[in-house]
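what's the 3D shape of this:
(one chain, ligands or ions: 1)
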Amino acid sequence: MLLLDGNATSAAIRTEIAEEVSKLKSQGKKVPHLAAILVGEDGASQTYVNAKVKACENVGFESTLVRMPAETSEEELLSTIKGLNENPNIDGFIVQLPLPKHIDEDKVTLAVAPQKDVDGFHPENVGRMSLGLPTFLPATPNGVMEMLGRYNIETVGKNCVVIGRSNIVGTPMAILMSRGTNPGNATVTLTHSRTKNLKEITLQADIIIVALGKPNFLTGEMVKQGAVVVDVGIHRIEDASKKSGFRLVGDVEFETVAPKCAAISPVPGGVGPMTIASLLQNTLKAVTMRK
Ligand code: GUN
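A predicted model of the protein is given here:
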């Protein structure tokens, strides 16, 4: 069983990006600048945003973290987004989700200038992705594609089952895997909460990408021998034996699934670090696309 090591793969990508930044610097050019807006105090979101900012620093990007209180009005947030859209110093930015309930996420997504939308969430960029046009691909699905590509996982003509149809992972994942690219060219089945006989479907799968947000959902009996399994989930589970009081698990029950797999991504250290690498790739792309 091959472990799809997101830490090592992400480190390789970050080294490549750092080399590009050095080149830009030596040519006297501007280094990429990523901004992140964080509204409120959600613990997981703070961890993710801090990791993104740190990753920027490590590759030589500039970064700006805009923290706004949980009571921030939708109008104030939209005005901050407008400021970043118009700021020539900022190449790309993200608004960390989820947002407080009183803010309409769709309005926020639409407010981000498509050419600075390094999350790839704006409808214009989602449309471009669907049509196979150059664009910012959403970080998590793109990270999975990079991982499959760099490990030379064969996808052409394979049965790929995606579990979960969210706008930011499952749906774009299904689109990317079915496109005529490599990795890609798979026969994709997108499954969700209303899918009947899920186990019958997953047992046919050569590749299973799990992104539904339920701890240990995919179990060994749902997976055929020799499958490739990619786990996009991440959850904190209480664990008194750990100093922190918790441990991280994915959407895949690793202990029962891994022995059946040709390859599997672990949690932590799988898709998570790839997501950050993708965001950095998109920010570098934002600079090149502006030229
Ligand atoms: N929340 C969970 N994943 C993401 C992501 O990729 N981008 C943003 N902005 N928020 C998220």
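
And the helices in the stretch 101-250 of the chain, which stretches?
Assigned by DSSP state H, counting those that start in this stretch, the helices in the stretch 101-250 of the chain fall at 105-111, 123-131, 139-150, 170-178, 198-202.

can you list these in a markdown table and add distance to Met289, mean neighbour count and mean pLDDT?
(Each C-beta comes from the backbone N, C-alpha and C, glycine too.) What follows is the helices of the stretch 101-250 of the chain, written out as a markdown table (distance: least, CB to CB, whole Å; neighbours: other CB atoms under 10 Å; pLDDT from 0 to 100):
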| stretch | distance to Met289 | mean neighbour count | mean pLDDT |
| --- | --- | --- | --- |
| helix 105-111 | 19 | 16 | 98 |
| helix 123-131 | 12 | 16 | 97 |
| helix 139-150 | 15 | 24 | 98 |
| helix 170-178 | 19 | 23 | 98 |
| helix 198-202 | 38 | 16 | 98 |
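
Any idea which of those gets closest to Leu2?
Closest approach to Leu2 among those is made by helix 139-150 (11.4 Å; CB to CB).

Show me which positions of stretch 8-24 end up buried.
For stretch 8-24, burial by neighbour count (16 or more other CB atoms under 10 Å) applies to Thr9, Ser10, Ile13, Arg14, Ile17, Glu20, Val21, Leu24.

What is the burial count for Glu86?
10 (other CB atoms under 10 Å).

Sorry, slip of the keys, the one I care about is Glu41.
11.

repeat for Asp5
Asp5 has 18 neighbours, counted by other CB under 10 Å.

How much space separates it from Tyr151?
9 Å (CB to CB, to the nearest Å).

just checking, Leu110 touches Asn125?
No - contact between Leu110 and Asn125 fails when scored by CB atoms under 8 Å: they sit 11.3 Å apart.

Quickly list what's touching both of those two.
Both Leu110 and Asn125 lack any common contact, where contact means CB atoms under 8 Å, 6 or more residues apart in numbering.

give the contact list for the spatially closest residue to Ile237 that is not a sequence neighbour.
Spatial nearest neighbour of Ile237, chain neighbours left out: Val249 (5.2 Å); criterion: CB to CB, 6 or more residues apart in numbering. If you count contacts by CB under 8 Å, 6+ apart, Val249 has them with Pro215, Asn216, Gly233, Ile234, His235, Ile237, Val267.
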